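>>> For reference, the sequence and a predicted model appear below.
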Amino acid sequence: MSLVVSEARFFPIENLSWDCLTIGALGWGQIQIANANRLEIDFSITRKKWMLSLCDAMSEFYPREIEKISERIDYFKKVRDRWEKK
């Protein structure tokens, strides 16, 4: 199978709306395109506004990650307890 790319566009990340981006749990947080078929490009967004939005998104993201990790820690404590009792 081969693929021929006929067009590519490059622009700063701050031109991508947060409506089409997600944050993944990798390292400090990985910005991902949620759906490459649905990109929202807005050249009026300033870098400052986008960066402030990034900070807001990360402030919401990390507490959810902490909650998930806490649940996983509790789960494996219970698993360990069960195995210790066998």
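That came through fine. Residues are numbered from 1 along each chain as shown.
>>> quick one: secondary structure of the residue most central in space within the chain?
By CA atoms, centre = their mean, the chain has its centre lying nearest to residue 23, at 1.0 Å. What DSSP: H, G, I helix; E, B strand; the rest coil gives for residue 23 is strand.
>>> if I pick it, what's in contact with it?
29, 30, 31, 32, 57, 58, 61 (CB atoms under 8 Å, 6 or more residues apart in numbering). Where you see a C-beta, it was placed from the backbone N, CA and C, and this is true even at glycine.
>>> Please flag which of the residues you listed sit within strands.
The members of these that map onto strands under DSSP state E are 30, 31, 32.
>>> Quick check: bridge partners of the last one?
In this case it means residue 32. residue 22 (DSSP bridges).
>>> can you give me the helices in this structure?
47-85 (DSSP state H).
>>> separation between residue 24 and residue 48?
Taking CB to CB, to the nearest Å as the measure, residue 24 falls 24 Å from residue 48.
>>> that older thread, can you tell me which of the ones in strands among the contacts of residue 23 is closest to residue 10?
residue 31 (16.0 Å; CB to CB).
>>> Touching, that closest one and residue 18? I think so.
No - in this structure residue 31 lies outside contact range of residue 18 using CB atoms under 8 Å: 9.5 Å.
>>> Look at these two and report which has more neighbours.
More crowded of residue 31 and residue 18, by other CB atoms under 10 Å: residue 18, with 17 against 14.
>>> hang on, the earlier thing: can you convert the contacts of residue 23 into CSV and add a column each for distance to residue 7 and pLDDT?
Converted to CSV, the contacts of residue 23 look like this (distance: CB to CB, whole Å; pLDDT from 0 to 100):
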residue, distance to residue 7, pLDDT
29, 30, 76
30, 26, 89
31, 23, 93
32, 22, 92
57, 29, 92
58, 32, 92
61, 32, 92
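>>> just the buried members of those residues?
Buried by 16 or more other CB atoms under 10 Å: residue 57, out of the contacts of residue 23.
>>> now the contacts of residue 23 as JSON lines including distance to residue 1?
Below are the contacts of residue 23 laid out as JSON lines (distance: CB to CB, whole Å):
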{"residue": "29", "distance to residue 1": "34"}
{"residue": "30", "distance to residue 1": "28"}
{"residue": "31", "distance to residue 1": "29"}
{"residue": "32", "distance to residue 1": "25"}
{"residue": "57", "distance to residue 1": "36"}
{"residue": "58", "distance to residue 1": "38"}
{"residue": "61", "distance to residue 1": "36"}
